[in-house]
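Colleague: show me how the following folds:
(chains A and B)
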Number of protein chains: 2
Amino acid sequence: MQVVVPFAAETPKTRLRSVLSAAERSRFARAMLADVLEALARTGHDLTVVATSPLSSDDDLVGVPSTVRVEVDDRPLTDAVDARLPRRGRTGEPVAVVMADLALATPESLEGLFGPDADVVIAPGRGGGTNALVVRHPDFRADYHGASYLDHRAAANGVGASLETIDSFRLGTDIDEPADLVEVLIHGTGRSPECLRALGFELERTDGRVDTERSLDSTSADSRSR
Amino acid sequence: MQVVVPFAAETPKTRLRSVLSAAERSRFARAMLADVLEALARTGHDLTVVATSPLSSDDDLVGVPSTVRVEVDDRPLTDAVDARLPRRGRTGEPVAVVMADLALATPESLEGLFGPDADVVIAPGRGGGTNALVVRHPDFRADYHGASYLDHRAAANGVGASLETIDSFRLGTDIDEPADLVEVLIHGTGRSPECLRALGFELERTDGRVDTERSLDSTSADSRSR
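Modeller: Reported below is the predicted structural model:
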């Protein structure tokens, strides 16, 4: 299977701007990318990062397995993904699309995504997103705007494709907002939690859900997580 | 297996108070309880609701399978659960503890919880919670304060119990905060989404994660979801 990992190389993770500076967001996004790629590499599939700009510096590629191909495509996410999906007239190899911010992904959770034989397989994210997708049907089109999980279900039905939804906390947890960082510290095992800890984040225990807190003296960012 | 479902009957779901009145929270909490119990009933285990006060009115029991036993126990959650876990000297039947706000639970996701043969099985929730738990070890104690997932892992290790963590989006999604309601509307199938729709909630499509919005003319609550 071809696995595509789209990556916003230039201004990643803008919704973390209240707790991380631009340089820190870039560093953390690359740590998550490396974790996702390492988990994917252990599943044995062909990996392509589709980045919005070249990943050329050493920093960009720390932890990225050497077998990963990098392609630059600065089109919007939907277009960049659609250009790589199976199409009539091309070879029929299935294509998986896995988001670069699934910091909790493990080889086991990814095997759960790759396993089912349905024409379209979706791992939904919180808030109706599509965190991971496998496409085997030549007429299916991606659409990552808005409630993409519901749109992708409708699109699969619309072209008569069989559909399976994956029930995974790990694949369902995309790291987008400050409240998501706690999941990385609790469940992550790779470079992503290491990066957050290096930036001064630690678990803050309250009576409700656990959140993160950031020590004052650790970084250049002038804001703290809630 | 004995399955215990703790239920805060009197003032449930206080963290939804910005979007639901007390009466609405009570109604919605009972809809979720009924959905959880119906999914559990289809797994064929013995079900006990442990409620903080009697569930006596007809409203309390709408949709609750007739085979469910109701016990009243007004102690704090940890104590009420601990009193029902396996203990040395008692019969060794395993005990599961499933939270009453897992509105997305399905028989399949619950079978995934009941299946593994480990001494302790945990389905973590967001923010380090313990959404569902199976205990087969007589020395394990529950502790639902703070980061209970991490505490329960440590407790299992502390008594030499084998431990398995369940990777489930459905079991990992407890409905506690306004931002969680969207998951009920997207993935729920029973009384819970029906209740929210009757209260005027619908999906609000934005560019990021989808959220809920509430129509102004539908209810007595004077606040709207964000």
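
Colleague: packing partners of the top helix by length along chain A?
Modeller: Longest helix in chain A by number of residues, with DSSP state H as the criterion: helix A:22-41. Here helix A:22-41 touches strand A:2-7, strand A:46-51, helix A:58-61, helix A:107-114, helix A:191-198, going by 3 or more C-beta pairs under 8 Å, 6 or more residues apart in numbering or on different chains; DSSP states H and E. Heads up, the C-betas are built off the backbone N, CA and C, glycines and all.

Colleague: at 10 Å what do you get?
Modeller: For helix A:22-41, the elements it packs on are strand A:2-7, strand A:46-51, helix A:58-61, strand A:95-98, helix A:107-114, helix A:181-187, helix A:191-198, judged by 3 or more C-beta pairs under 10 Å, 6 or more residues apart in numbering or on different chains; DSSP states H and E.

Colleague: contacting residues around the closest residue to A:Ile166 other than its chain neighbours?
Modeller: Among residues not flanking A:Ile166 along the chain, A:Ala123 sits closest, at 4.2 Å (C-beta to C-beta, 6 or more residues apart in numbering or on different chains). For A:Ala123, the contact set (C-beta atoms under 10 Å, 6 or more residues apart in numbering or on different chains) comprises A:98-99, A:102, A:105, A:109-110, A:112-113, A:129-134, A:149, A:164-168, A:170-172, A:174, B:169.

Colleague: A:Ala123 should be in a helix, yeah?
Modeller: No: according to DSSP: H, G, I helix; E, B strand; the rest coil, A:Ala123 belongs to no helix; its state is strand.

Colleague: only the buried subset of the contacts of A:Ala123, as a PyMOL command please.
Modeller: In PyMOL syntax, the buried subset of these is picked out as below (16 or more other C-beta atoms under 10 Å in any protein chain shown):
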select buried, (chain A and resi 98+99+102+105+109+110+112+113+129+130+131+132+133+134+149+164+165+166+167+168+170+171+172+174) or (chain B and resi 169)
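
Colleague: keep only those of the contacts of A:Ala123 that are in strands.
Modeller: Per DSSP state E, strands hold the following members of the contacts of A:Ala123: A:Val98, A:Thr130, A:Asn131, A:Ala132, A:Leu133, A:Val134, A:Glu164, A:Thr165.

Colleague: need the helices and strands packed on helix A:22-41 in a markdown table (columns: mean pLDDT).
Modeller: A markdown table is the format used below for those (pLDDT from 0 to 100):
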| stretch | mean pLDDT |
| --- | --- |
| strand A:2-7 | 98 |
| strand A:46-51 | 96 |
| helix A:58-61 | 75 |
| strand A:95-98 | 98 |
| helix A:107-114 | 98 |
| helix A:181-187 | 97 |
| helix A:191-198 | 97 |
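
Colleague: closest one to A:Asp211 among the ones you listed?
Modeller: helix A:181-187 (5.5 Å; C-beta to C-beta).

Colleague: list the contacts of the nearest residue to A:Ala22 once chain neighbours are set aside.
Modeller: Using C-beta to C-beta, 6+ apart and skipping residues adjacent in sequence, the residue nearest A:Ala22 is A:Thr11, 7.3 Å away. Counting by C-beta under 10 Å, 6+ apart, A:Thr11 touches A:Arg17, A:Ala22, A:Arg25, A:Ser26, A:Ala29, A:Thr52, A:Ser53.

Colleague: highest neighbour count among these?
Modeller: A:Ala29 (24 neighbours; other C-beta atoms under 10 Å in any protein chain shown).

Colleague: from chain B, how far off is the closest residue to that one other than its chain neighbours?
Modeller: Once flanking residues are discounted, A:Ala29 sits nearest to A:Pro12: 3.6 Å by C-beta to C-beta, 6+ apart. Distance of A:Pro12 to chain B, given as C-beta to the nearest C-beta, to the nearest Å: 14 Å.

Colleague: host element of A:Pro12?
Modeller: Element membership for A:Pro12 (DSSP states H and E) is empty, with no helix or strand holding it.

Colleague: verify the stated contact: it with A:Ala100.
Modeller: Yes: counting by C-beta atoms under 10 Å, A:Pro12 touches A:Ala100, with 8.0 Å between them.

Colleague: so which elements touch the lowest-mean-pLDDT helix or strand in chain A?
Modeller: In chain A, the helix or strand scored least confidently by mean pLDDT, DSSP states H and E is helix A:58-61, which has a mean of 75. When contacts are defined as 3+ C-beta pairs under 10 Å, 6+ apart, helix A:58-61 packs onto helix A:22-41, strand A:46-51.

Colleague: just the CA trace of it, in PDB.
Modeller: Written as PDB, here are the backbone C-alpha positions of helix A:58-61 (Å, rounded to 0.1, in the frame of the first residue of the first chain):
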ATOM      1  CA  ASP A  58      18.900  18.500   9.200                       C
ATOM      2  CA  ASP A  59      16.300  19.700  11.700                       C
ATOM      3  CA  ASP A  60      13.500  18.800   9.300                       C
ATOM      4  CA  LEU A  61      14.500  15.200   9.000                       C
END
